[in-house]
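K.L.:
Turn this into a model:
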Amino acid sequence: MDDKVEALIQQFFKICSNSWHWLCKTTVKFYKATGKADFDCDFQVTVFLAFVVLFLLGSACWSASIAASRRHNAVIHFILGLIFPWVYPIIILFAMDIKGAKQLRETLEKQKKEAEEAEAERQKNIQLNMGKEATEEEPESEWCQSRFEKMARNPDGSLAGPWDVTYSGRHVHVLHIVEAFPEVVSVEFDDGSGNTLKMRIPYAKIETWENA
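P.N.:
Down below sits the predicted model:
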């Protein structure tokens with residue numbers, strides 16, 4: 001931004017210098033012509049008018065230069081620079097944006113936002129698909145709470161059993177199912193000496209469960 005401002009200032013001084021030389025030549029030429037024609041021409045008035053013209057033209061040319069460098073209509077801003085000398089070019093020097101730059105920024109921001117939303121949606125779908133695949137790959141346990149709740153009773157409502165059960169390499173003779181829990185099943189079993197005991201068997205450790 002500093003380089004652009006410096007370039008505009010240099011261009012402005014160049015315009016002023018060229019305008020000043022032109023006005024000086026024109027003023028001297030006009031003064032000589034009026035002198036030869038015996039016109040009564042006040043040199044001070046002529047110089048003052050030259051300064052006024054230079055003042056207006058400098059403002060107009062600077063405004064047009066700024067507008068042209070930022071892709072705006074130079075003629076319109078030349079006229080506005082004449083109407084509002086020096087105030088207008090200073091205002092547009094800092095306030096005027098490059099034509100189309102705002103729309104381009106908005107378009108790029110919109111495209112960036114859409115790309116981010118699309119990427120977020122894609123990542124979400126990937127995670128969902130990974131979750132589904134993991135669920136599908138994970139085998140459902142053969143032994144669960146609902147199954148043992150059904151096995152615990154006969155159709156007439158009496159306690160079901162007995163069963164020969166193997167879990168963790170151990171064989172037991174289960175007499176009845178006491179209660180089924182989310183992770184384990186509570187049972188009564190014969191310890192082989194005629195005693196009835198209770199214990200809990202984890203579903204994950206059950207190897208076989210067969211009618212005795």
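
K.L.:
switch to C-alpha atoms for all contacts and neighbour counts from now on
P.N.:
Fine.

K.L.:
Following the chain onward from the lowest-mean-pLDDT helix or strand in the chain, which element is next?
P.N.:
Least confident element among the helices and strands of the chain, by mean pLDDT, DSSP states H and E: helix 2-36 (a mean of 66). Going down the chain from helix 2-36, the next helix or strand is helix 43-69, by DSSP states H and E.

K.L.:
for the following helix or strand past that next one, which positions count as buried?
P.N.:
Downstream of helix 43-69, the next assigned helix or strand under DSSP H and E is helix 74-83. Neighbour-count burial for helix 74-83 flags A74, V75, H77, F78, I79, L80, G81, L82 (criterion: 16 or more other CA atoms under 10 Å).

K.L.:
how about those residues in JSON lines, adding pLDDT and distance to E114?
P.N.:
Listed next are these as JSON lines, based on pLDDT from 0 to 100; distance: CA to CA, whole Å:
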{"residue": "A74", "pLDDT": "84", "distance to E114": "37"}
{"residue": "V75", "pLDDT": "85", "distance to E114": "39"}
{"residue": "H77", "pLDDT": "87", "distance to E114": "38"}
{"residue": "F78", "pLDDT": "86", "distance to E114": "41"}
{"residue": "I79", "pLDDT": "88", "distance to E114": "43"}
{"residue": "L80", "pLDDT": "90", "distance to E114": "41"}
{"residue": "G81", "pLDDT": "88", "distance to E114": "42"}
{"residue": "L82", "pLDDT": "85", "distance to E114": "46"}
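
K.L.:
Adding distance to V28, write those residues out as CSV.
P.N.:
Shown next, in CSV, are the buried residues of helix 74-83 (distance: CA to CA, whole Å):
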residue, distance to V28
A74, 31
V75, 29
H77, 30
F78, 27
I79, 27
L80, 29
G81, 27
L82, 24
